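K.L.:
Test case, fold it:
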Amino acid sequence: MDFTRQPLSYKEAFAKATDLCGRSEKCSYDLEQKCREWQLSGEETAKLIAYLTQEKFIDHQRYAISFVNDKFRFNKWGKIKLSYVLRQKQIEEKYLKEALDQLPEDAYRKVLLDLLSAKAKTLKSPDTFTRHGKLLNFAQSRGFETDLALTIIERIK
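P.N.:
Below you'll find the model as predicted:
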């Protein structure tokens, strides 16, 4: 059985892309990936993305804010991880910074405190140095800043 997909026509890709963008925020990087999947030519991809951007289906500022809010609220990601992923998606620095600046500092600290408190309860090692290291690694893996993580680790010790 052959599972290779048939290339979509520009018209079919256009319909799919507008539907996708209508359901959730997408950036041009996401749509470029989809267009490759749909086997559109580079010219057709550029034309489609230009249209979607012009008609505000794609808006990088709106995307960055939505992405940061969702990943922070639901996945509990820190600013470092958020900025890394947005840079991978080629979101402009000004939109990235604006989105990260909108995170409330008290809520940001509370999320990290809650994450580290919960993680500390699962650690079995009685050695303070080892516990400290594991908590710091955990915070960094979630994308939180080292200095903030160290401050909170000291608080929950």
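
K.L.:
What's the biggest helix in this structure, counting residues?
P.N.:
If you go by DSSP state H, the chain has its longest helix at helix 105-122.

K.L.:
so where's the protein uncertain?
P.N.:
For the chain, the stretches with pLDDT under 70 are 1-4.

K.L.:
tell me the domain boundaries of it?
P.N.:
Residue ranges for the domains of the chain, per automatic domain parsing: 10-54, 60-101, 105-156.

K.L.:
distance between the ends of the last one?
P.N.:
Spelled out, it's domain 105-156. By C-alpha to C-alpha, to the nearest Å, the extent of domain 105-156 from end to end equals 19 Å.

K.L.:
Is residue 109 in contact with residue 148, as I believe?
P.N.:
Yes. Using C-beta atoms under 8 Å, residue 109 is in contact with residue 148, at 7.1 Å. For every residue, glycine as well, the C-beta is placed using N, CA and C.

K.L.:
Excluding chain neighbours, what is closest to residue 103?
P.N.:
residue 72 (6.0 Å; C-beta to C-beta, 6 or more residues apart in numbering).

K.L.:
Whichever strand or helix holds the one you found: which residues count as buried?
P.N.:
Per DSSP states H and E, residue 72 falls inside helix 60-75. For helix 60-75, burial by neighbour count (16 or more other C-beta atoms under 10 Å) applies to 60, 63, 64, 65, 66, 67, 68, 71, 72.
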